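**Student:** Sharing a model prediction with you, sequence too.
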Amino acid sequence: MTPEPRVIGLGLDRVDGPAKVTGAATYTMDVAVAGLLHAALVRSTFAIGTITSIETAQAAAAPGVVAVFTHHNAPRMKKPSWNLITPPPPVPLQDASVHHYGQYIAMVVAETPQQATAAAALIRVEHKAATASLSLDAPALKARSNPYFLDAKRGDVESALAAADITVDATFSTKANAHNPLGLFSTVAYWEGGRLVVHDSTQNPYLIRDSLAKVFSVSKDKVQVLVPYVGGAFGAGLRLWQHVILTAMAARAVGRPVKTVLTRPQMFTGIGHRPATIQRMRIGALRDGTITAIDHEATSTAAKVANVLYPVTLSTPATYRCDNVRGRDRQVRLDIPSPAHMRGPGEAEGNFALETALDEVAYAIGMDPIDLRMRNYAKVHPQTGLAWSSKALDECYRQGAERFGWADRTPRPRSMRDGHWLVGYGMAGVTYGHFQAKCHASLTVRDDGTVLVRSGATDIGQGTYTVITQVAADGLGLDPANVRFELGDTDLPRAPQAGGSGLATALSNAVRDATVNAIAALLSLASADHASPLHGCSARDVVVAGGRIHRKDDASRSETYGAILTRNGRSELTVQGSSAPSRAETGVLLGSLAVSRMGRAGRRLVEATHAIAPAGAFAAHFVEVRVDPLLGRLRVKRMVSAVDAGQVLNEKLARSQIVGGIVGGIGQALFEEITTDEGSGRVSNATLADYLVPVNADVPDIDVVFVGEPDSDNAVGVKGIGEIGLVGVAAAIGNAVHHATGKRLRSLPFTITELM
Ligand code: MOS
């Protein structure tokens, strides 16, 4: 018997593609249920203060209006449970205080969306505003040190900087960015008896379920969250937002289903944003290219209302072999809407400072940027001294450089031209920490040979439907056409968030476990059955292929899953599967902190418990830019990205993931910035016309190559790739701009005025 080609890794088309392009896919805003009402939200027009009067009589009397809610009449609700990583917002409409521009202060519910919107405009509000702190450079702001208790250090940074041959000491800044998935975040809620059903644009359905259960004082099994499709999400869907609470509240109060679809401007204030940062990076190096000190300090914006775990310097100590490293985060709390995780949260900002400063070191000592990185290559996880579970960053540099043609680069700035365009080559490396959470799935084999896999995960566009279909087909030796995967329902086995680049790892391993359990269950039926050709076989005596279990000693003796079930009088068989993070995950974090707190004693402690292997994904981005020296126009001409993604689950979708991330990185580098009015905090560019994102003309050909081996930390060998495509792009572009022009840009987004 020849082994079947593996289904894992093949570039299959999206299994949900036809539903999406024919309109059959039901996104939250498409949900239609009998008696559905529509809500419009009214937002505060000032940052901080008190509502002194709110006049709703006219709105309440407007055509089609069923209810108007303000803090005067909204039902009292309980606070959702607090959690460190994705904290809940304050419960809305509970009092007259306003904590940021755009806070919801009223909700109108009407028969049509148009009636709700028209009535909302009739609400009159008077307020007393106080002076708001809105930006990082607001005077007299105090930064809070080590806000996440994750600051790390090793060695003696100050002495090493003093002894270095050269030092770079530079300040970087990055601006607030908005989440702008095309799909407007929406919620539909209805109550059936004491049971709450919620359709929501979320990446984290179980968090929504558990939080709403708390808010409305019902048990978790009385809340169901449904999200078969999400119209894109880059972290905004990891949290519970106020409009979700309000929609469920209104549905209960009026006794009918209610739908809320955020407007585009509301998407800028109601679902989080990438915080702004100011970072100081100091690097010390010897003439031979040895980096002797890295000191990274980052201050980022946070909201007074609800905060989010957003360490910017976390990756820095894990990135290069260097004896003396310090990563320190600071946080300034402002009267702004809550920041949220946004693709590569913290890493995207921190990497920009680190990888740009390294380029500065390379120029200062006259060394090629790749040689500098290889000279300081971290063969082991540098903070703990432990071996990586796998790492092919060196291959990323090598293969990326080769495909890009890095050897053609003449090192001197302004030395390459094409006509009047200045040409620049730049690169950056990425080290991205591994994340995995507990995950469950069920798997049903039917007597017709088809398989149904279920787990309450989400597909935000990254391809969960497809890759999990492949993992199940691979594990059972089936054609993927015989496998269906259902997700997006909290009544299914519990899955973690689609976030932190961790879902594919968690879910693929849970489903693989389910396939192993399914084969074991089928085999035990067959093995006990004298009529089966597999009689007496145990797991090590058989292989699966073509939807059959075969004996290893005689492959011609085999049986289909369907035949095993039928002869045992069963129409189907259901098994469970699960996965959990290896000990590495918490071990590495605790080990890193032990080294930070206890120095060499901490390192010895880690070595004594060396059952842990740090895991991560790695990448190198290579960019060619063109800069028009007279007009300052900057074009990204082409890009090559080499990614160590471990076991790629679907070559085509993995490539799309990386390309999508890179486009986000081009946005961060060249365009994206939330601008606000002084005093009120009003977002002054809250439309897709004013908030710039890359369009096709801004995005060049992107060549993605995957390198490396399946990771040893999880059975399937996966590394998360949801975010690594974005991280590093800004530094690579900035380094290319420096090569083209001799100008060092340290603030994102880069602007035309800096290049003239
Ligand atoms: Mo991502 S910021 O974990 O959606």
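**Tutor:** Sure, I can see it.

**Student:** pull the CA atoms of stretch 502-513 into PDB?
**Tutor:** The C-alpha coordinates for stretch 502-513 follow below in PDB (Å, rounded to 0.1, in the frame of the first residue of the first chain):
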ATOM      1  CA  GLY A 502      -3.100  30.700  19.000                       C
ATOM      2  CA  LEU A 503      -6.200  29.200  17.600                       C
ATOM      3  CA  ALA A 504      -4.800  27.100  14.800                       C
ATOM      4  CA  THR A 505      -2.400  25.400  17.300                       C
ATOM      5  CA  ALA A 506      -5.000  24.800  20.000                       C
ATOM      6  CA  LEU A 507      -7.800  23.600  17.600                       C
ATOM      7  CA  SER A 508      -5.700  21.500  15.200                       C
ATOM      8  CA  ASN A 509      -4.200  19.600  18.200                       C
ATOM      9  CA  ALA A 510      -7.700  19.100  19.700                       C
ATOM     10  CA  VAL A 511      -9.100  17.800  16.400                       C
ATOM     11  CA  ARG A 512      -6.100  15.600  15.800                       C
ATOM     12  CA  ASP A 513      -6.700  14.100  19.300                       C
END
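
**Student:** Which residues are in contact with the residue in the stretch 101-250 of the chain that the ligand sits nearest to?
**Tutor:** Relative to the ligand, the nearest point of the stretch 101-250 of the chain is residue 235 (2.8 Å; C-beta to the nearest ligand atom). Bear in mind the C-beta positions are built from the backbone N, C-alpha and C, glycine included. Residue 235 sits next to 179, 203, 272, 340, 341, 342, 343, 345, 499 when contact means C-beta atoms under 8 Å, 6 or more residues apart in numbering.

**Student:** Now that we have the residues you listed, which of them are buried?
**Tutor:** Using 16 or more other C-beta atoms under 10 Å as the burial test, those include 179, 203, 272, 340, 341, 342, 343, 345, 499 as buried.

**Student:** This protein against the ligand: which residues are in contact?
**Tutor:** 203, 234, 235, 238, 341, 342, 343, 345, 499, 500 (C-beta under 6 Å from any ligand atom).

**Student:** measure the residue lying closest to the fifth one once chain neighbours are set aside to residue 719 for me?
**Tutor:** Leaving aside its chain neighbours, residue 341 sits nearest to residue 235 (3.7 Å; criterion: C-beta to C-beta, 6 or more residues apart in numbering). Using C-beta to C-beta, to the nearest Å, residue 235 is found at 19 Å from residue 719.

**Student:** and if you look at residue 28?
**Tutor:** 30 Å.

**Student:** what does residue 407 give?
**Tutor:** 28 Å.

**Student:** of those two, who's got more company?
**Tutor:** With neighbours defined as other C-beta atoms under 10 Å, residue 407 and residue 719 compare such that residue 719 has more, 27 against 8.

**Student:** check contacts around that one.
**Tutor:** Per C-beta under 8 Å, 6+ apart, neighbours of residue 719: 434, 505, 615, 616, 617, 644, 645, 646, 647, 711.

**Student:** Residue 371 now?
**Tutor:** Residue 371 sits in contact with residue 289, where contact means C-beta under 8 Å, 6+ apart.

**Student:** All the strands of the stretch 351-500 of the chain, residue numbers only.
**Tutor:** 416-418, 421-433, 439-446, 451-454, 483-486 (DSSP state E, counting those that start in this stretch).

**Student:** Adding mean pLDDT, write these out as CSV.
**Tutor:** Shown next, in CSV, are the strands of the stretch 351-500 of the chain (pLDDT from 0 to 100):
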stretch, mean pLDDT
strand 416-418, 97
strand 421-433, 97
strand 439-446, 98
strand 451-454, 98
strand 483-486, 98
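
**Student:** tally of neighbours for residue 575?
**Tutor:** Using other C-beta under 10 Å: residue 575 sits among 19 other residues.

**Student:** picking that back up, next one, pLDDT for the residue nearest to residue 341 please.
**Tutor:** You'll see residue 235 listed with a pLDDT of 96.

**Student:** phi, psi of it?
**Tutor:** Backbone torsions of residue 235, given as degrees, to the nearest 10, read phi 130, psi -20.

**Student:** which intervals of this protein have sub-threshold pLDDT?
**Tutor:** For the chain, the stretches with pLDDT under 70 are 1-5, 583-587, 607-613.

**Student:** Would you map out the domains in it?
**Tutor:** 17-23+437-579, 31-131+180-267, 152-177+273-435+611-755 (automatic domain parsing).

**Student:** can you give me the offset of the first one from its chain's centre?
**Tutor:** Domain 17-23+437-579 has its C-alpha centroid displaced from the chain centroid by 27 Å (C-alpha atoms, centre = their mean, to the nearest Å).

**Student:** so how far is the first residue of that domain from its last?
**Tutor:** Distance between the boundary residues of domain 17-23+437-579 (C-alpha to C-alpha, to the nearest Å) amounts to 28 Å.

**Student:** what does the second one give?
**Tutor:** Using C-alpha to C-alpha, the end-to-end distance of domain 31-131+180-267 comes out at 20 Å.

**Student:** begin at 392 from here
**Tutor:** Shifting the count to begin at 392 puts that one at domain 422-522+571-658.

**Student:** Just give me how far it sits from the chain centre.
**Tutor:** Centre to centre, stretch against its chain (C-alpha atoms, centre = their mean), the figure for domain 422-522+571-658 is 24 Å.

**Student:** rewinding a little: could you dump the strands of the stretch 742-891 of the chain to CSV with distance to residue 611 and mean neighbour count?
**Tutor:** Output for these, formatted as CSV (distance: least, C-beta to C-beta, whole Å; neighbours: other C-beta atoms under 10 Å):
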stretch, distance to residue 611, mean neighbour count
strand 807-809, 61, 14
strand 812-824, 30, 25
strand 830-837, 15, 24
strand 842-845, 18, 24
strand 874-877, 20, 21
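
**Student:** Of all those, which one is nearest residue 753?
**Tutor:** Proximity to residue 753 (C-beta to C-beta) singles out strand 812-824 among these, at 10.1 Å.

**Student:** Okay, now the sheet partners of that closest one, with direction.
**Tutor:** strand 807-809 (antiparallel), strand 1007-1018 (antiparallel) (DSSP bridges).

**Student:** Run through the strands of the stretch 942-1091 of the chain in chain order.
**Tutor:** 949-951, 963-970, 1007-1018, 1025-1035.

**Student:** Among those strands, show me which one is buried the most.
**Tutor:** Most buried of the strands of the stretch 942-1091 of the chain by mean neighbour count (mean count of other C-beta atoms under 10 Å) is strand 1007-1018; its value is a mean of 28.

**Student:** That one: how far from the chain's middle?
**Tutor:** The mean C-alpha position of strand 1007-1018 is separated from the chain mean by 19 Å, C-alpha atoms, centre = their mean.

**Student:** In contact with residue 616, which residues?
**Tutor:** So residue 616 contacts 589, 590, 591, 593, 596, 597, 599, 600, 603, 880, 881 (C-beta under 8 Å, 6+ apart).

**Student:** The fourth one reaches residue 620, doesn't it?
**Tutor:** No: assessed by C-beta atoms under 8 Å, residue 593 is found out of contact with residue 620, at 11.4 Å.

**Student:** The two: which is more packed in?
**Tutor:** Neighbours per residue, other C-beta under 10 Å: of residue 593 and residue 620, the larger number sits with residue 593, 31 against 21.
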